[in-house]
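Engineer: here are the coordinates; sequence isn't available:
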Ligand code: GDP
């Protein structure tokens, strides 16, 4: 088909399968087929998002464009460092250099906080009256007349998502590694996040003052995870420091500026105002406080900010020292007052025309969250097609196994498989012993990878996140099966088929209200197991009267993952509240079956 024959088509952010079919003058079945071929199961009345609709439209010979009057862009969902693309689209002549944004990651107790403090004390306080303390989770320092912005990323495990995003909001990651402890699991994880976000790493080899420091061993371990020291002809700068003795800090700063100089760290101060939420909190006296890192444009008092789903006019604005300011430019961390709700760390923010506009965007977002089905990012089943379409030549994997003794042969065999199939490179982003965790899924999300578990399970939180983000998790108990699936996938012989597998059944013994509109069922599990992450059929008089998601599963008021045969439990469904005593509940999970 020549270019002139491609028909342009304007699509909204959300469109039902039926309407899409009408617009492109084809049957809904045809649309559903194309969706299925792309791994998306949708019914005729279901809404799909623009990206998905665009794939269908282009496969059917159209050139899709996003309808302009819709202000919400898919990027508003906050998945990617959207600001990077905005800046990339800016006119060259408007771009000016901005300070690099640096975040510190590393294993717990390796000295992140100490290093941040040391850098701040030696550089911020020195130049300022009265040694002003840092006010918010970000600050700027000056080294040789050049500014560097530091972003705090809380080390607590609950903040892992923030750390994943922290790496995405930053230009450079300082990976702190204690010289006496070497590379540890969170070191590896942090390195993976930085790599996934394509953010360069400078290693701060900390605690060099300790007699037990063993820098050579640490360097060897770093080299093993792909961070080869420059002194060994690698491209990772490793700076020995001591946070407590404040040694090596100048060298560290020097290294950051060196890396920054080799990058294109610019922004348009007159461009679209946007950035990342560093943290949000509710202050008893001042209301919602949000720490923002501005990535592009210039923000001013009185602007209306939309941060995730929170919005409002800026009533007061402060710099990192708590000083009131009227405006701020790119790479500046600021704190603002005036949002109607607490935004989440990692959310994107931008300035919009008015609160009215912000409200309509939020409404739009809520609709799309409710109705959109997210296509699976990558799965083994669609690998071949993506390879054929030239979309990928890489199969990225995260591998978790029960013991080292199984991890090694799996990795080795996969590497061999990769050698047999030069058409695809098998990239193992991360391999570790243990259950599949939220972190693994987060890494997979950030890097379009598949998570493979061998003789392990996926944590509840991991499963939930995988479902939300469309990350494919595959569990195996026989190495041969695993390898066979991967090989089939490379050859395009792996066909998905969803099969429902019943895990257990329960009888409704009683019903009770849990809130004004919600009713839960008191049940006894009569066989198998009821799983919190499963789906459920409600069967009455041998008829399935409802089929949907389980909302909560409790045993004696405690939320539980599963309840086994013989036990009593409370079950609430997400969108069904008409339980009756005597109903039979059948819990099942959808599994992809390979032919
Ligand atoms: P984080 O968990 O990575 O933020 O680590 P912290 O900054 O809390 O440091 C953990 C521990 O290591 C604390 O007891 C620090 O005093 C100590 N520590 C941090 N940096 C150094 C260093 O350069 N030398 C020595 N000897 N101890 C350090």
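Structural biologist: Cool, got the structure. All values derive from a computational prediction rather than experimental measurement.
Engineer: ok, residue 150 touching residue 120?
Structural biologist: Yes. Under the criterion of Cβ atoms under 8 Å, residue 150 makes contact with residue 120 at 7.5 Å. C-beta here means a position set from N, CA and C on the backbone, and glycine is covered the same way.
Engineer: so what sits against both of these two?
Structural biologist: 139, 141 (Cβ atoms under 8 Å, 6 or more residues apart in numbering).
Engineer: I'd like to know which elements the helix or strand where residue 305 lies is packed against.
Structural biologist: Using DSSP states H and E, residue 305 sits within strand 304-307. Judged by 3 or more Cβ pairs under 8 Å, 6 or more residues apart in numbering; DSSP states H and E, strand 304-307 is in contact with strand 287-296, strand 310-313, strand 348-352, helix 355-371.
Engineer: In the stretch 451-595 of the chain, which residue sits nearest the ligand?
Structural biologist: Per Cβ to the nearest ligand atom, residue 461 is where the stretch 451-595 of the chain lies closest to the ligand, at 22.2 Å.
Engineer: State the phi and psi torsions of the nearest residue to that residue once chain neighbours are set aside.
Structural biologist: Once flanking residues are discounted, residue 461 sits nearest to residue 438: 4.4 Å by Cβ to Cβ, 6 or more residues apart in numbering. Main-chain torsions, residue 438, degrees, to the nearest 10: phi -60, psi -40.
Engineer: got the residue ranges for the helices in the stretch 51-200 of the chain?
Structural biologist: Using DSSP state H, counting those that start in this stretch, the helices of the stretch 51-200 of the chain run over residues 82-89, 112-120, 126-127, 160-169, 185-196.
Engineer: For those, which has the smallest mean pLDDT value?
Structural biologist: The minimum mean pLDDT among those belongs to helix 126-127 (a mean of 44).
Engineer: Need the mean per-residue confidence for the strand holding residue 305.
Structural biologist: 94.
Engineer: Direction included, what does the longest strand along the chain pair against?
Structural biologist: Ranked by residue count under DSSP state E, the longest strand found in the chain is strand 498-513. Strand pairing for strand 498-513, using DSSP bridges, gives strand 519-531 (antiparallel), strand 584-592 (antiparallel).
Engineer: Name the surrounding residues that touch the first one.
Structural biologist: With Cβ under 8 Å, 6+ apart as the test, strand 519-531 has contacts from 502-514, 536, 550, 552-554, 561-572, 577-579, 583, 585, 587, 589.
Engineer: Kindly report the same for the last one.
Structural biologist: Outside of strand 584-592, the residues within contact range by Cβ under 8 Å, 6+ apart are 379, 381, 496-508, 521, 523, 528-531, 533-540, 550, 571.
Engineer: so where's the stretch 451-595 of the chain uncertain?
Structural biologist: Where the stretch 451-595 of the chain drops to pLDDT under 70, the residues are 493-499, 592-595.
Engineer: Run through the residues that contact residue 20.
Structural biologist: Shown in contact with residue 20 (Cβ under 8 Å, 6+ apart): 11, 31, 48, 53, 56, 57.
Engineer: Relative to the ligand, which of those is nearest.
Structural biologist: Distance to the ligand across these (Cβ to the nearest ligand atom) is lowest for residue 48, with 43.6 Å.
Engineer: Now do the SS call for the closest one.
Structural biologist: The local conformation at residue 48, judged by DSSP: H, G, I helix; E, B strand; the rest coil, is strand.
Engineer: Could you dump the contacts of residue 20 into a markdown table and include neighbour count?
Structural biologist: Converted to a markdown table, the contacts of residue 20 look like this (neighbours: other Cβ atoms under 10 Å):
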| residue | neighbour count |
| --- | --- |
| 11 | 24 |
| 31 | 27 |
| 48 | 25 |
| 53 | 28 |
| 56 | 28 |
| 57 | 25 |
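Engineer: Also near the ligand: which of those residues, exactly?
Structural biologist: Among the contacts of residue 20, proximity to the ligand is found for none (Cβ under 6 Å from any ligand atom).
Engineer: Would you verify that residue 566 is located in a strand?
Structural biologist: No. Residue 566 is assigned coil when assessed by three-state DSSP, not a strand.
Engineer: Quick check: closest non-adjacent residue to it.
Structural biologist: Per Cβ to Cβ, 6+ apart, closest to residue 566 is residue 525, 6.6 Å.
Engineer: Same check on residue 213?
Structural biologist: residue 179 (3.7 Å).
Engineer: and that neighbour, how far is that from residue 189?
Structural biologist: Residue 179 sits 19 Å away from residue 189, taking Cβ to Cβ, to the nearest Å as the criterion.
Engineer: again, but for residue 198
Structural biologist: As judged by Cβ to Cβ, residue 198 and residue 189 stand 16 Å apart.
Engineer: The two: who's more crowded?
Structural biologist: Legend: neighbour count by other Cβ atoms under 10 Å for residue 198 and residue 189, higher for residue 189 (23 against 12).
Engineer: May I have the residues that are in contact with that one?
Structural biologist: By Cβ under 8 Å, 6+ apart, residue 189 lies in contact with 430, 439, 443.
Engineer: Now, of the contacts of strand 584-592, which are buried?
Structural biologist: Taking 16 or more other Cβ atoms under 10 Å as the criterion, what is buried in the contacts of strand 584-592 is 379, 381, 496, 503-508, 521, 523, 528-531, 533-539, 550, 571.
Engineer: thinking again about what came up before, got a markdown table for the strands paired with strand 498-513, with distance to the ligand too?
Structural biologist: Output for the strands paired with strand 498-513, formatted as a markdown table (distance: least, Cβ to the nearest ligand atom, whole Å):
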| stretch | distance to the ligand |
| --- | --- |
| strand 519-531 | 36 |
| strand 584-592 | 39 |
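Engineer: Just put those strands in CSV and tack on distance to residue 301.
Structural biologist: Supplementary listing: these in CSV, determined by distance: least, Cβ to Cβ, whole Å:
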stretch, distance to residue 301
strand 519-531, 49
strand 584-592, 51
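Engineer: so residue 317 makes contact with residue 333?
Structural biologist: No. With contact defined as Cβ under 8 Å, residue 317 does not reach residue 333; the gap is 11.4 Å.
Engineer: neighbour-wise, which of the two wins?
Structural biologist: For residue 317 versus residue 333, the count of surrounding residues by other Cβ under 10 Å is larger for residue 333: 27 against 23.
Engineer: For the closest residue to the more buried one other than its chain neighbours, give its distance to residue 259.
Structural biologist: With Cβ to Cβ, 6+ apart as the criterion, residue 333 has its nearest non-adjacent residue at 3.3 Å, and that residue is residue 138. The gap separating residue 138 from residue 259 is 19 Å, by Cβ to Cβ.
Engineer: of the two, who's got more company?
Structural biologist: Per other Cβ under 10 Å, whichever of residue 138 and residue 259 has more neighbours is residue 138, with 26 against 18.
Engineer: For that one, give me its contacts.
Structural biologist: Taking Cβ under 8 Å, 6+ apart, we find residue 138 in contact with 149, 150, 151, 152, 278, 291, 293, 320, 333.
Engineer: Repeat that for residue 300.
Structural biologist: Contacts of residue 300 (Cβ under 8 Å, 6+ apart): 314, 326, 327.
Engineer: residues near residue 429, how many?
Structural biologist: For residue 429, using other Cβ under 10 Å, the count is 20.
Engineer: And residue 427, by the same measure?
Structural biologist: Residues near residue 427, counting by other Cβ under 10 Å: 13.
Engineer: Assign a three-state SS to it, would you?
Structural biologist: The assignment at residue 427 comes out as strand when based on three-state DSSP.
Engineer: which stretches of the stretch 151-300 of the chain form strands?
Structural biologist: 172-178, 201-206, 237-240, 266-267, 274-283, 287-296, 299-300 (DSSP state E, counting those that start in this stretch).
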